[in-house]
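Participant: Provided below are the primary sequence and the corresponding predicted coordinates.
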Amino acid sequence: MPKEEEKQQKYEPFRTPKGVHDILPNDHEFHTFIKKVVRHRARQAGYRRISTPIFEYTELFKRSIGDSSDIVSKEMYTFEDKKGRSLTLKPEGTAGVARAFIQHGMSQMPQPVLLYYFEPHFRYDKPQKGRYRQFWQFGFEVLGESDPALDAQVIQLANKIHEDLGIDGLFDLQLNTIGTPEARKKYMQVLEDYYVGKERSLCENCKNRLTTNPLRLFDCKEEDCQILAQLAPVMKDYLDKESLEYHDELLEYLDEIGIKYVENQKLVRGLDYYSKTVFEFWDKNDGAQNAIGGGGRYDGLVELMGGQNTPAVGYAAGVERIIANMKKEKVRVPSKDEIHVFVAQLGKEAKKKCLPLIEDLREAGLKTMGALGKGSINVQLRLADKFEVSYAVLIGITEVREGTAIIRDMEKGVQETVEIEKVVDRLVKLIGEDSLDRYSPGELLYS
Ligand code: HAM
C-alpha cells in the first residue's frame, strides 16, 4: 500500500453486538440506587447474597427450565469449551441457585435458606424496547419450606422494593396457581383434546406448542390464538384440592397485608419448574409485554437437579425495565458523582503544592479533581465550571511564594485567600460535614 493511502486508512468504529448495551455513568447511578434498595430490603428480611457463575453446564438449564420453553429452545447462548463440554450463559438465576444449594449442602443449614442476587443474564431474545440480550436481574429465592405465608412474603418484598423505587403504581400483580405437576399433566391432556380440530386456526408456533407443552399456547400474542385460549377450559377446574386450598390461603394472607392482585387463570409462566403459585407484575398499559418481574413456587426443582425434596419459592425482576419506568416516572436518584472541589494551578512549583493538597482534601472526604495539565488558570476554571464543582482552589506563582491558596465559590463567583495549611478545614466547613464522602475501608468493604 502506498504510504499516503496507508496514512488515510480509517477503521470503522466498533459498536456493541446487537441487543447488548453499555451501562453509562448516568445509568449506573440508577443501578447503584436499585442495588442499595434491594440489598437494604433483603437484609431487613434476612436474605444473604449469592452469585452463581455466568455460565453453567447447558444441561442444568435444559432440565430445569424445560426443553420446550422459549428460553431453552430458542434463547440460550450455548457454546462448547475446548474439551467439547456444552456450556450456556445463564438465562436466569433460579437454576444456578438451586444447583448451588445442593452443591454446598445448604439443606444442612437452618431452613428456609434465604438468598438474593443482582446479576447479568443472557437471552438470545429479539431485541426491542425492554428486551435485551444481556440484561440485569435482581432476585430472591427461599428454599426449604412450603407455606403460602412464604409466597405472600416474597410478593410483599417485591412490592416493597417497587414502592421504594417509586414505580409500584405502574404495575398490577397477576396471580395464579398451576397446581402440582401431576394435576397439570391431566389438565394438559384436557387442553390437547380441546384443541383437536382447531389446529388450523393456530399460528405455526402454537401448532408446535400443542405437541410440546400446550400450556404455552396461553402465552401467544397472535389474535386467533388468544381468542381460542380465552375459550379454553379453565385450569382451576382440573387442579388438585391441596393446590387450590394452598392458593386460597395465599389470597387470605395477601388480603391481610393489603396487597392487591388480579387473579389470572391464563398466567402460566414460561419456565417449567413452577408448581402451585405463579405471579407476574404486569405493566398497566402494556400487560405481559413489559412485565417488570415474575416468580412463583418451584417445589420440585431441587430434587430434579439431584438434591433432596426441597420446596422453594422466588421472584426476579428486570433492572433495565425498572430503570426505564423510574425515568418515565421522573424518579430522581441521588447522585454521588458530584465533585466538590477542583484544584487549578499554574506552573511546576504550584503543582508540587497541589499534589499533597489534593490528597489531603480527598482524605478529608471532599471529592476533588485536580487539573494538573498545562492549561491557563482560565482554561482550568472553565473546566471546573463544566464539571459543575462547588469550589475551585487556585494556586499560582504568587500563592506559592506566599504559602496561600485562593478558594473560589464557583456559583457566587467570589473568592478568598487562605493559608495553604487551612484550605482543607475551610473547605470542609464550606461544604458541610454531612456532604462529605469519607473513606473508611472497613465500612466501605462491608457496607
Ligand atoms: P422471568 O419472568 O423469565 O423469570 O424473568 C424475570 C424478569 O426479568 C422479567 O419480568 C423481565 O423484567 C426481566 N427480563 C427477562 N428477559 C429479559 C430480557 N431479554 N431483557 C430485559 N429484561 C428481561 C425468571 O427469570 C425466574 N428465574 C424468576 C424466578 C425467581 N422464579 C422463581 N425465582
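Facilitator: Good, I have the coordinates. Residues are numbered from 1 along each chain as shown.

Participant: for this structure, which helix is longest?
Facilitator: As assigned by DSSP state H, the longest helix anywhere in the chain is helix 25-44.

Participant: that one and the ligand, are they touching?
Facilitator: No. Counting by Cβ under 6 Å from any ligand atom, the ligand has no neighbours in helix 25-44; the shortest distance is 12.5 Å. The C-beta positions use only the backbone N, C-alpha and C, and glycine is treated the same way.

Participant: quick check: buried residues in that helix?
Facilitator: 29, 30, 31, 33, 34, 37, 38, 39, 41, 42 (16 or more other Cβ atoms under 10 Å).

Participant: quick one: the fourth one and residue 334 touch, right?
Facilitator: In other words, residue 33. Yes. Counting by Cβ atoms under 8 Å, residue 33 does reach residue 334; the two are 6.9 Å apart.

Participant: if we can go back for a sec, between the buried residues of helix 25-44, which is closest to residue 312?
Facilitator: Of all the buried residues of helix 25-44, residue 312 sits closest to residue 42, with 16.3 Å by Cβ to Cβ.

Participant: list of residues touching stretch 256-272?
Facilitator: The contact list for stretch 256-272, computed with Cβ atoms under 8 Å, 6 or more residues apart in numbering, reads 64-66, 68-71, 92, 94, 152, 155-156, 159, 172-176, 178, 213, 215-216, 218-219, 229-230, 234-236, 251, 254, 278-280, 294, 296.

Participant: mind giving me the ChimeraX command for buried ones among these?
Facilitator: Selection of buried members from these for ChimeraX, criterion 16+ other Cβ under 10 Å:
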select :64,65,66,68,69,70,71,92,94,152,155,156,159,172,173,174,175,176,178,213,215,216,218,219,229,235,236,251,254,278,279,280,294,296
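
Participant: tell me which of the contacts of stretch 256-272 fall in strands.
Facilitator: 172, 173, 174, 175, 176, 278, 279, 280, 294, 296 (DSSP state E).

Participant: so which of those residues is the closest to the ligand?
Facilitator: Closest approach to the ligand among these (Cβ to the nearest ligand atom): residue 294, at 3.6 Å.

Participant: show me which residues of this protein are close to the ligand?
Facilitator: Near the ligand, when you scan the chain using Cβ under 6 Å from any ligand atom, you find 92-94, 123, 125, 130-132, 135, 137, 139, 141, 291-296, 298, 314-318, 320-321.

Participant: flag the shaky bits of the stretch 1-150 of the chain, pLDDT-wise.
Facilitator: The model of the stretch 1-150 of the chain has pLDDT under 70 over residues 1-8.

Participant: in it, what residue spans correspond to helices?
Facilitator: Along the stretch 1-150 of the chain, the segments classed as helices by DSSP state H, counting those that start in this stretch run 3-8, 25-44, 58-65, 70-74, 94-103, 148-164.

Participant: among those, which is nearest residue 112?
Facilitator: helix 148-164 (6.8 Å).

Participant: for the closest one, which residues meet the burial criterion?
Facilitator: 148, 150-162, 164.

Participant: show me the domain layout of the chain.
Facilitator: Domain segmentation of the chain under automatic domain parsing yields 25-180+239-328, 341-445.

Participant: among the ones you listed, show me which one is buried the most.
Facilitator: domain 25-180+239-328 (a mean of 18; mean count of other Cβ atoms under 10 Å).

Participant: mind listing the helices for the stretch 201-350 of the chain?
Facilitator: Using DSSP H, counting those that start in this stretch, helices in the stretch 201-350 of the chain cover 204-212, 223-231, 241-256, 301-304, 319-328, 348-363.

Participant: run the chain-centre distance for the second one.
Facilitator: The gap between the average C-alpha position of helix 223-231 and the chain average comes to 33 Å, counting by Cα atoms, centre = their mean, to the nearest Å.

Participant: what's it in contact with?
Facilitator: Here helix 223-231 has contacts from 195, 198, 201, 202, 203, 206, 217, 218, 220, 266, using Cβ under 8 Å, 6+ apart.

Participant: got the angle for that helix vs helix 204-212?
Facilitator: 40 degrees (axes from the mean of the first three to the mean of the last three Cα atoms, to 10 degrees).

Participant: in helix 223-231, which residues are buried?
Facilitator: In helix 223-231, counting by 16+ other Cβ under 10 Å, buried: 225, 228, 229.

Participant: with pLDDT added, can I get those in JSON lines?
Facilitator: Below are those laid out as JSON lines (pLDDT from 0 to 100):
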{"residue": "225", "pLDDT": "92"}
{"residue": "228", "pLDDT": "92"}
{"residue": "229", "pLDDT": "91"}
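
Participant: I am finished for the moment; much appreciated.
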